[in-house]
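# Let's see this in three dimensions:
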Amino acid sequence: MIPRNRILLVDDDPSGLAMLGLALKRTGFNVETASGSEEALRLLCRKPFQWMVTDARMHPFSGFLLTLEAKRIQPALRIVMVSAVAGEGDLAGYPIEHLFPKPVAVDVPGTLAILELG
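Okay, here's the model as predicted:
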């Protein structure tokens, strides 16, 4: 069984990864971080996660492509995306439940409700 609050956080921006990771940990989530898509895939192959929170723009491949491969590896994985550039219209065809605009304000009521209700 996967712990209810186990999150894989993926972002190739070190400061964004650190800030959002710390904010999620402070609210009680069990967070593991990956500094890009390839590292995220390695973690997904080794450990179960309930949630993946990923950035949209990363290298060598995007967060969008990562979501497709992540669901193949862990079909029950739930996915949200954070992005400064992507919009809701960009989510079609991808297994993304919600898009949060960057910067993510985790202290705003309702922002974490999606993850907490999972």
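# buried ones in the top helix by length along the chain?
In terms of residue count, the longest helix belonging to the chain (DSSP state H) is helix 14-26. For helix 14-26, a neighbour-count test (16 or more other CB atoms under 10 Å) marks Gly16, Leu17, Leu20, Gly21, Ala23, Leu24 as buried. (Glycine included, C-beta is placed from N, CA and C.)
# Redo the residues you listed as TSV? Include pLDDT and distance to Ala34.
What follows is the buried residues of helix 14-26, written out as TSV (pLDDT from 0 to 100; distance: CB to CB, whole Å):
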residue	pLDDT	distance to Ala34
Gly16	86	13
Leu17	89	8
Leu20	87	12
Gly21	89	10
Ala23	84	17
Leu24	86	14
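# returning to what we had before: between the helix or strand following the longest helix of the chain and helix 14-26, how many degrees?
Toward the C-terminal end, the helix or strand that comes next after helix 14-26 (DSSP states H and E) is strand 30-34. Following axes from the mean of the first three to the mean of the last three CA atoms, to 10 degrees, one obtains 170 degrees for the angle between strand 30-34 and helix 14-26.
# Give the other helices and strands that strand 30-34 contacts.
Contact here means 3 or more CB pairs under 8 Å, 6 or more residues apart in numbering; DSSP states H and E; on that basis strand 30-34 packs against strand 6-10, helix 14-26, helix 37-46.
# Average pLDDT for the first one, rounded please.
When pLDDT is averaged along strand 6-10, the result is 95.
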